[in-house]
Structures are given as structure tokens and as C-alpha cells.
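> Got a predicted structure here, sequence first:
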Amino acid sequence: RVQLVESGGGSVQSGGSLRLSCVASGYGFRDFCMAWFRQSPGKQREAVATIDSDGSTSYADSVKGRFTISRDNAKNTLYLQMNSLKPEDTAMYYCAAEVACYYMPSFGYWGQGTQVTVSS
């Protein structure tokens, strides 16, 4: 069965960096569209970044130039490098997978989430 396990969250000061990882198992990782979402209390879940099976990427305007999504198909691992973090980036971050990116945002497979907290 599909499993997605995130790690790398934590608490940092404004301007700091974190790298999130998501290890996938149970399916053909390299053939799937992968994405990072985030949700903070009282707000709707939002898509942060996506990376398709061909390596093409897209980003929310709020993170462009600061976050980088990447994947290592040999390791079945998805990454999110987050630089210049701001307090408004504070949220639970989720890794998600689906057979194609056009299903956004209705992805079928989700991890349990990893918390990112940015203090000012």
C-alpha cells in the first residue's frame, strides 16, 4: 500500500532554512506527480509546490524564489528546501502523491505531516 512519511520539520527563526523530506513506498514513485501542501489553524489547506514525473515544477506565488521542490527517484524521496522562512510559513506541511498533476488539488495519497514553526 502507498505510504508517505515526512520529516525535517522544526522550529526556526525568521530568515532561517529547513529541508523537508518525504519517503515514499508501495507504488511507482518515479511515475507519480508529487506535491507539498500546508495548512495552518483556521486556514484552508494550500498547495505549496508540485513536481511532475518529468521534473517540471510549479510554486505558489507566496513561496516563489524561496522554496525549491525536488525529487530523487533512486531514493523514492521528495524534498522541499525552504529558505528565507517567514512567520507566515508556519504550518503543518504534507507530502502528497497522485498519478497526474492535473488532479490538483485532489490528491489521493497523503503523509501524516510535519510541523514547521517560524518565529519572528
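Structure received. Quantities reported herein were computed from a predicted structural model and do not represent experimental measurements.
> Counting neighbours, which bits of stretch 54-73 end up buried?
For stretch 54-73, the buried set under the neighbour-count rule, 16 or more other C-beta atoms under 10 Å, comprises Y59, V63, F67, T68, I69, R71. (Each C-beta comes from the backbone N, C-alpha and C, glycine too.)
> Nearest residue to the middle of this protein?
For the chain, the residue nearest the mean C-alpha position is W36 (2.3 Å; C-alpha atoms, centre = their mean).
> Okay, S119 and G10: tell me how far apart.
11 Å (C-beta to C-beta, to the nearest Å).
> now swap in D89 and tell me
Look at D89 and G10: by C-beta to C-beta, they are 12 Å apart.
> can you check G26 too?
Per C-beta to C-beta, G26 is found 27 Å from G10.
> And for D72?
D72 sits at a distance of 21 Å from G10 (criterion: C-beta to C-beta).
> Likewise for C33?
27 Å.
> Compare those two and say which is more crowded by neighbours.
Each of C33 and G10 has its neighbours counted (other C-beta atoms under 10 Å); C33 has more, 20 against 13.
> who touches both of D89 and G10?
V116 (C-beta atoms under 8 Å, 6 or more residues apart in numbering).
> Near W110, how many other residues are there?
With other C-beta under 10 Å as criterion, W110 counts 16.
> Next one, pLDDT for the closest residue in space to it that isn't next to it in sequence please.
Leaving aside its sequence neighbours, W110 sits nearest to A96 (C-beta to C-beta, 6 or more residues apart in numbering; 5.1 Å). Listed pLDDT for A96 reads 97.
> Now tell me what touches the host helix or strand of A96 from outside.
For A96, the enclosing helix or strand under DSSP states H and E is strand 91-98. Strand 91-98 is contacted by residues 2, 4, 6, 9, 20, 22, 24, 27, 29, 32-40, 43, 45, 48, 78, 80, 104, 106-116 when judged by C-beta under 8 Å, 6+ apart.
> same thing but 7 Å
2, 4, 6, 9, 20, 22, 24, 32-40, 78, 107-111, 113-116 (C-beta atoms under 7 Å, 6 or more residues apart in numbering).
> Walk me through which strands that strand pairs with, and which way each runs.
strand 33-39 (antiparallel), strand 109-110 (antiparallel), strand 114-119 (antiparallel) (DSSP bridges).
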